[in-house]
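>>> Compute the structure for the input listed below.
(one chain, ligands or ions: 1)
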Amino acid sequence: MARRKIVAGNWKMNKTPSEAVALVEELKPLVASDDVDVVFCVPAIDIIPVAEAVKGTNIQVGAENMYFEEKGAYTGEISPAMLVDAGVKYVVLGHSERREYFAETNETVNKKVLKAFEHGITPIMCCGETLEQREQGVTMDFIRQQVKVGLQNVTADQAKTMVIAYEPIWAIGTGKTATTEQAQEVCSGIRACIAEVYDEATAEAIRIQYGGSVNATTAPELFAQPDIDGGLVGGAALKPDFGKIVNYK
Ligand SMILES: O=C(CO)COP(=O)(O)O
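Numbering: from 1, shown residues only. Alright, predicted model coming up:
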């Protein structure tokens, strides 16, 4: 069965609650689609107003992070139950910015992935190499490690439902999209890794996005690749262009 495409916006640390609602109102008619899953991953404080604003549309709400404990003395963190109660369906985990600035590791990402599944939230687990790693020819080794550790103790049935986002760090926010060949090569490598860890059926079911300077011009070719099932979009998700990316065909 063909995998359904999924295009998610990662708003990062942008938009106050009132700005967020205004942006949703602007984007709503532009991102309508019958054949692509559309997710807005927004800052924690924007989740409740955005969930309200998207009611009755095809847009689903995602979070950009989540803690791996149930509740308690973890000042400043957000629990999975809080996200579920607020209407969140997806959570971005292990984004390279969280790894770089907030010391997230493959191990903490794995704890978060497991916790998200416990609460019925679909993880969008991010991976991707630095420019240095690409130049040294260790891209696939590095990503395989990120994926394998990130998925420890995740069952095949769970893995089938999740999303992996391949985001080469050198392509994020730089305007330098990976070439279609580079993106397809790594996404296909990730799928092969899933087949090794689990089986062919799991590899065929899991959705793999590309992220890194995706825009309305580059999306059509990227999303047409056999192993690229959509995108995780940063800057362009805050603009009307996001509608063109969702409706890339
Ligand atoms: O990090 C990204 C999405 O998670 C990509 O960001 P840009 O689309 O702004 O490069």
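
>>> which residues does the residue nearest to residue 78 when sequence neighbours are not counted contact?
Excluding the flanking residues, the one nearest residue 78 by Cβ to Cβ, 6 or more residues apart in numbering is residue 44, at 5.2 Å. Yep, even glycine has a C-beta here, placed from its N, CA and C like the rest. Counting by Cβ atoms under 8 Å, 6 or more residues apart in numbering, residue 44 touches 63, 64, 65, 78.

>>> List the beta-bridge partners for the first one.
The one in question is residue 63. residue 42, residue 91 (DSSP bridges).

>>> can you tell me how far it sits from residue 230?
Distance of residue 63 to residue 230, given as Cβ to Cβ, to the nearest Å: 18 Å.

>>> higher neighbour count, these two?
The neighbour comparison of residue 63 against residue 230 (other Cβ atoms under 10 Å) goes to residue 230, with 29 against 25.

>>> can you count the residues close to residue 49?
16.

>>> Phi, psi for it please.
For residue 49, the backbone dihedrals (degrees, to the nearest 10) come out as phi -60, psi -30.

>>> try residue 192
The phi/psi pair for residue 192 (degrees, to the nearest 10) is phi -60, psi -40.

>>> what helix or strand is the nearest residue to it once chain neighbours are set aside on?
Residue nearest to residue 192 in three dimensions, not counting chain neighbours: residue 203, with 7.2 Å by Cβ to Cβ, 6+ apart. Following DSSP states H and E, one finds residue 203 within helix 200-205.

>>> Which secondary structure elements does that helix sit against?
Contact partners of helix 200-205 among helices and strands, from 3 or more Cβ pairs under 8 Å, 6 or more residues apart in numbering; DSSP states H and E: helix 156-161, helix 180-197.

>>> Give me the buried positions along that helix.
Across helix 200-205, burial judged by 16 or more other Cβ atoms under 10 Å covers 202, 203, 205.

>>> what's the answer for stretch 120-133, then?
121, 122, 123, 124, 125, 126, 127, 128, 129, 130, 133.

>>> which bits of this protein sit near the ligand?
10, 95, 167, 172-173, 211-214, 232-236 (Cβ under 6 Å from any ligand atom).

>>> residue ranges with poor pLDDT in the protein?
1 (pLDDT under 70).
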